[in-house]
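just coords:
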């Protein structure tokens, strides 16, 4: 494990109770709810992910630090949307990058690093849900953004806007209640905007299989949203 990544892991495991900055270690700054890096010296090298992966595989731990810095927010956001918990999302960020570093020898050079790391995150979140180590909550922050294939109210009309807000809340509750295999494809396609070939790579299935999973997940979400919307109109 890279020395700096190990230090970040140790700080994350300390699980601070406030959102204040809790320390800077060799240029790394860790805060509650997110992981932020600050370069301690010089500008960050502008290398592609593929080059950084090759360097990290050759033992250059600074290259992996750059990958961590580049994609930490993507991983945290996705993990938070999957787990509904800041604490769990922090754990997933930590574990996902540790697992990625330990398995660099399995990374295929033709694959996108973001696709590969999101695949790891998806598996970790699914395992957490199955083992019951995930906190459950009805609210899912930002979960409905990007779900423009569902009709929301017009912002020009205050009444319609209120109805739209209620619909968004209903979608959030419904999305949070979906099983992980449905929630992950909704997040990948409708919130992250990933193309079907990349979704297929994350889910380890064919492109046709990815399209089918998105279709089923959207149907499952609609089925859960429908009774909630009926309650709003009652």
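Arrived safely. These numbers come from a predicted model, not from an experiment.

domain assignment for the protein?
Per automatic domain parsing, the structural domains of the chain span 3-131, 158-233.

can I get those domains in JSON lines with mean pLDDT and mean neighbour count?
Bear in mind the C-beta positions are built from the backbone N, C-alpha and C, glycine included. JSON lines is the format used below for those (pLDDT from 0 to 100; neighbours: other C-beta atoms under 10 Å):
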{"stretch": "domain 3-131", "mean pLDDT": "73", "mean neighbour count": "17"}
{"stretch": "domain 158-233", "mean pLDDT": "81", "mean neighbour count": "17"}
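
show the contacting residues for residue 54.
Residues counted as contacts of residue 54 (C-beta atoms under 8 Å, 6 or more residues apart in numbering) are residue 109.

any idea which element it lies in?
helix 49-57 (DSSP states H and E).

now residue 194: how far from residue 223?
Counting by C-beta to C-beta, to the nearest Å, the separation of residue 194 from residue 223 is 23 Å.

again, but for residue 190
In terms of C-beta to C-beta, residue 190 sits 16 Å off from residue 223.

the helices in this protein, which residues?
Using DSSP state H, the helices assigned to the chain run over residues 3-13, 49-57, 61-83, 86-102, 113-131, 158-177, 180-186, 196-203, 207-233.

mind giving me the packing neighbours of the third one?
Contacting helix 61-83 under the criterion 3 or more C-beta pairs under 8 Å, 6 or more residues apart in numbering; DSSP states H and E are the following elements: helix 3-13, strand 34-37, helix 49-57, helix 86-102, helix 113-131, helix 180-186.

swap in the shortest one?
Contacts of helix 180-186 with other secondary structure elements, assessed using 3+ C-beta pairs under 8 Å, 6+ apart, are made with helix 61-83, helix 113-131, helix 158-177, helix 196-203, helix 207-233.
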